[in-house]
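[1] Coordinates for the following, if possible.
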Amino acid sequence: MPKYWAYADYKYIAPLLQDKPYMFEDVVWSQFGFPGHNGRDSALWIGTEGANTPYHLDSYGYNLVLQVQGRHLFPPANTSCLYPSRIPYEESSVFSQVDVLQPDLQRFPAFRHAKAHTATLQPGQVHDT
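    The predicted structure follows:
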């Protein structure tokens with residue numbers, strides 16, 4: 001684990017790719033169940049080694065996750081076991097109160113029943129659920 005880590009807050013893709021509009025044709029959103037979408041409203045998150053985002057679900061919009069390297073995933077059926085909570089002034093996401101790396105099972109006993117799908121991805125690998 002590096003001594004320092006960082007991530008770039010989300011950046012909307014459309015301005016980043018304004019000179020390359022053909023890039024929006026590469027992902028066919030209808031194949032993922034989102035007909036009529038083209039990714040122009042998508043955001044890009046970039047982080048260094050060791051960066052992390054607390055477990056959460058986004059409460060609006062459509063997401064396709066391309067994780068270049070790392071591990072993650074709790075299926076939506078596990079939401080109640082993750083003790084969802086809103087954070088003041090954060091209107092787009094619902095975060096888990098559980099530190100999944102060191103869960104406090106006294107405080108969050110239902111987490112015992114959460115079934116994580118762990119996929120350790122190395123550069124160049126893709127996980128398709």
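
[2] quick one: His117 and Leu73 touch, right?
    Yes. His117 is within contact range of Leu73, at 4.3 Å (criterion: CB atoms under 8 Å). The way it works is simple: take the backbone N, C-alpha and C, and place the C-beta from them, glycine included.

[3] quick one, strands of the protein?
    Along the chain, counting by DSSP state E, strands occupy 7-12, 43-47, 56-58, 84-87, 90-96.

[4] Mean neighbour count, mean pLDDT and distance to Pro21 for those - can I get that in a markdown table?
    A markdown table is the format used below for the strands of the chain (neighbours: other CB atoms under 10 Å; pLDDT from 0 to 100; distance: least, CB to CB, whole Å):
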| stretch | mean neighbour count | mean pLDDT | distance to Pro21 |
| --- | --- | --- | --- |
| strand 7-12 | 11 | 64 | 14 |
| strand 43-47 | 14 | 72 | 16 |
| strand 56-58 | 14 | 72 | 25 |
| strand 84-87 | 12 | 84 | 35 |
| strand 90-96 | 14 | 78 | 26 |
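
[5] In CSV: these, plus distance to Asp19.
    Formatted as CSV, the strands of the chain follow (distance: least, CB to CB, whole Å):
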stretch, distance to Asp19
strand 7-12, 15
strand 43-47, 16
strand 56-58, 28
strand 84-87, 36
strand 90-96, 28
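
[6] Of all these, which one comes closest to Lys20?
    strand 43-47 (13.5 Å; CB to CB).

[7] what pairs with the residue nearest to Pro84 when sequence neighbours are not counted across the strands?
    Distance criterion CB to CB, 6 or more residues apart in numbering; nearest residue to Pro84, sequence neighbours excluded, is Val94 at 4.6 Å. Going by DSSP bridges, Val94 is paired in beta bridges with Leu57.
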